[in-house]
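S.K.: Take this sequence and fold it.
(one chain, ligands or ions: 1)
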Amino acid sequence: MNSFPHYKTLAVDQREIRQNYSTLVSCVVPRPIAFVTTLSPSGVVNLAPFSFFNGVGGNPPAIMFSPCNNRAGQPKDTLVNLRHLGEFVVNIVPHAIAKEMNQASFEYPPEISELEKCGFTPLASERVKPPRVAESPVHLECRLVQIVPVGVGPLAANICIGEVLCFHVAEGYLQPDGTVDIAKLDPVARLGGELYSLARERFSLPRPG
Ligand SMILES: Cc1cc2nc3c(=O)[nH]c(=O)nc-3n(C[C@H](O)[C@H](O)[C@H](O)COP(=O)(O)O)c2cc1C
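M.R.: Alright, predicted model coming up:
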């Protein structure tokens, strides 16, 4: 007979916001990172990482990411910018720029561009106004479809759903079957706390049938 563990039940309504957050982000893992460029109403390029991020559909290719309210319950610059101009770029984060990506998560005021501050290079986009990040080998130019708020106050989610208008893949990274070479991409993923992981150990499983 199997022996299963005893489970500790953690009722969300009896815990601190921060405790629930810590448990959530350490069990929904690893999370990919969207390094998102947006434009402020006055034209400042904003850049910030978001690991509440995933692909959610194929036709059209669709993604979601969630800039949560900050600890004071206020919207982050990315969300303010998206509400104003519903366009953004998701830049994929390779291991080589992990430190700079982390630096860009510092809460700079809206008039400061994290892109310049953290030493990244802007590349003009084709279909949207916010630029791409040249240090990233894959860019997804997106149009905002909908913002879905979940909850109110500190850390409440604002799920931003986007339609991908075009992909840019660095030369040599795209494979004949349309996939991006994972070894070359070497993407960083986020775990709980300050931990990150790499997708360097892989295995393949053919689909049944
Ligand atoms: C790897 C990483 C992932 C992050 N993921 C999120 C996230 O999914 N949602 C969120 O609200 N903040 C996330 N943050 C924090 C934001 O990047 C941070 O609050 C940033 O200052 C927001 O920038 P903005 O105010 O320019 O939009 C993350 C930070 C790091 C380093």
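S.K.: Could you say which helix or strand holds the residue nearest to Gly192 when sequence neighbours are not counted?
M.R.: Leaving aside its sequence neighbours, Gly192 sits nearest to Ser26 (C-beta to C-beta, 6 or more residues apart in numbering; 2.5 Å). All C-beta spots, glycine's among them, are computed from the backbone N, C-alpha and C. Assigned by DSSP states H and E, Ser26 belongs to helix 17-27.
S.K.: and what of Ala98?
M.R.: Counting by DSSP H and E, the element that carries Ala98 is helix 98-103.
S.K.: And for the next helix or strand after that helix, what's in contact with it?
M.R.: Using DSSP H and E, the helix or strand that follows helix 98-103 in sequence is helix 114-117. With C-beta atoms under 8 Å, 6 or more residues apart in numbering as the test, helix 114-117 has contacts from 37, 45-48, 103-104, 106, 108, 120, 122, 131, 133.
S.K.: Partner strands of the helix or strand following helix 114-117, with direction?
M.R.: Toward the C-terminus, helix 114-117 is succeeded by strand 122-123 as the next helix or strand (DSSP H and E). Counting by DSSP bridges, the strands paired with strand 122-123 are strand 132-133 (antiparallel).
S.K.: follow-up on the earlier one: kindly state the pLDDT recorded for the residue nearest to Gly192?
M.R.: We have a pLDDT of 98 for Ser26.
S.K.: Check Arg31 too.
M.R.: 98.
S.K.: Could you give the bridge partners of it?
M.R.: Arg190.
S.K.: quick one, what contacts it?
M.R.: Arg31 touches 25, 51-54, 189-191, counting by C-beta under 8 Å, 6+ apart.
S.K.: from these, which are also near the ligand?
M.R.: The subset of the contacts of Arg31 within reach of the ligand, by C-beta under 6 Å from any ligand atom, is 51-52, 190.
S.K.: Ends of stretch 3-16, what's the gap?
M.R.: Using C-alpha to C-alpha, to the nearest Å, one end of stretch 3-16 lies 32 Å from the other.
S.K.: who touches it?
M.R.: By C-beta under 8 Å, 6+ apart, stretch 3-16 touches 19-20, 23.
S.K.: go with 7 Å
M.R.: Here stretch 3-16 makes contact (C-beta atoms under 7 Å, 6 or more residues apart in numbering) with 20, 23.
S.K.: so how far is that stretch from its chain's centroid?
M.R.: Here stretch 3-16 shows a centroid-to-chain-centroid distance of 28 Å under the convention C-alpha atoms, centre = their mean, to the nearest Å.
S.K.: Going along the chain, name the strands of the protein.
M.R.: Secondary structure of the chain (DSSP state E): strands at 31-32, 34-39, 45-50, 53-58, 61-65, 87-92, 122-123, 132-133, 138-150, 157-169, 188-190, 196-198.
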